[in-house]
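Enquirer: Curious how this folds, go ahead:
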Amino acid sequence: IKEFKSNPLQNGDVVFLGNSITEQAESWADKTGNVKAKNRGIAGDTTEGVLARLGELTYFKPSKLFILIGINDLFHSDISAKITFQNIIKIVDEIASKNKNTKIYVNTILPTTDETLIGKINKINTLLEESSDKKPFELIKIHQNFALPEGKMNVDFSTDGVHLNKKGYTLWIN
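Expert: Model (predicted):
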């Protein structure tokens, strides 16, 4: 948060919001070729963490918001897929209610090599897909580009089965 305060958002920025997967992209401006692209990823963040820090986004009113969040929720066995999905929808609804002109994009949750999470990830992604025509966001279906047929992360795109490598970020950006 201290780093964010030293590099504040401006009205109309393009914001990438999420956890370490978003954070480790480092400069979204460089990756996208858009000087207004800002990184608001925090390692270890969860949907509850994002909900707690939405004030910056509702204040500065980004033109576009790209959200990738939820995998850290699933690493906590006591948090269900349904709660994670509901929190993602709360994030979208909070932004949309205060920033009518912000175009919101929600990325499907990426796969991991942890087989125990495949079902939860698939459930959240299915719920997001089912709600995308009823809620104020556009769904970006990135999961399928990173998943092997059995649903695990293709390690060609990952450093550790969760986080992306350079090839993975290139695929995501494309």
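Enquirer: what's downstream of the longest helix along the chain, the next helix or strand?
Expert: Using DSSP state H, we find that the single longest helix of the chain is helix 81-98. Using DSSP states H and E, the helix or strand that follows helix 81-98 towards the C-terminus is strand 103-107.
Enquirer: Run me through the strand neighbours of that following strand, direction for each.
Expert: strand 64-68 (parallel), strand 138-140 (parallel) (DSSP bridges).
Enquirer: could those be laid out in JSON lines, adding distance to Ala37 and mean pLDDT?
Expert: In this view, the C-beta of every residue, glycine as well, is placed from N, C-alpha and C. Conversion of the strands paired with strand 103-107 to JSON lines gives the following (distance: least, Cβ to Cβ, whole Å; pLDDT from 0 to 100):
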{"stretch": "strand 64-68", "distance to Ala37": "9", "mean pLDDT": "98"}
{"stretch": "strand 138-140", "distance to Ala37": "15", "mean pLDDT": "98"}
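Enquirer: Could you look over these and pick the most buried one?
Expert: Counting by mean count of other Cβ atoms under 10 Å, strand 64-68 has the highest mean neighbour count of these, with a mean of 22.
Enquirer: roughly how far out does that one sit from the chain middle?
Expert: Relative to the centre of its chain, strand 64-68 is centred 6 Å away, using Cα atoms, centre = their mean, to the nearest Å.
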